[in-house]
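Trainee: sequence? don't have it. structure:
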């Protein structure tokens, strides 16, 4: 498996983002979806990666630097294709993203997930994330669970 940067004009990226959108829209009302768009991948504050093989991109994730006090970064689009789940790929993607955050000296990592995504929640808790309140443009919502992790500098 090869680690690749996600580019908006890559058909494999377009396909995996469509898979993510179908999954999220099957779990939650569309109005609650606040996903990173494919066009945003080219922005300088976005670091987006995927694991690719002959089946295309089978796992991906992104980290988006945000202004704030303190500054933070948000994990977005963490996803593993169903046939590749249970192999540690989401943990691998998260470790790469957290390593990047450390190198960029980002003191706080935040994310929004949904209460129906128990495997994701378990992963985040295992990595040290703790529940927190809404941040950025998010508001309190029963379809959202907010988590954060402070990185020691």
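Mentor: Cool, the structure landed. Note that the structure is predicted; figures quoted are calculated from it, not measured.
Trainee: what's the distance between the residue lying farthest from the centre of the chain and residue 148?
Mentor: Distance to the chain centre peaks in the chain at residue 54, reaching 22.7 Å (criterion: CA atoms, centre = their mean). Distance from residue 54 to residue 148, counting by CB to CB, to the nearest Å: 37 Å. For the C-beta atoms, the positions are set from N, CA and C on the backbone; glycine is no exception.
Trainee: packing partners of the biggest helix by length in the chain?
Mentor: Determined from DSSP state H, the single longest helix within the chain is helix 11-27. Here helix 11-27 touches strand 46-53, strand 56-66, strand 72-80, going by 3 or more CB pairs under 8 Å, 6 or more residues apart in numbering; DSSP states H and E.
Trainee: paired strands for the longest one, with orientation please.
Mentor: Strands that pair with strand 56-66, judged by DSSP bridges, come out as strand 46-53 (antiparallel), strand 72-80 (antiparallel).
Trainee: now those in JSON lines, with distance to residue 115, mean neighbour count and mean pLDDT?
Mentor: Putting those into JSON lines (distance: least, CB to CB, whole Å; neighbours: other CB atoms under 10 Å; pLDDT from 0 to 100) gives the following:
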{"stretch": "strand 46-53", "distance to residue 115": "25", "mean neighbour count": "20", "mean pLDDT": "96"}
{"stretch": "strand 72-80", "distance to residue 115": "16", "mean neighbour count": "23", "mean pLDDT": "94"}
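Trainee: got those strands as TSV, with distance to residue 27 columns?
Mentor: Shown next, in TSV, are these (distance: least, CB to CB, whole Å):
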stretch	distance to residue 27
strand 46-53	21
strand 72-80	12
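Trainee: cool, thanks, talk later.
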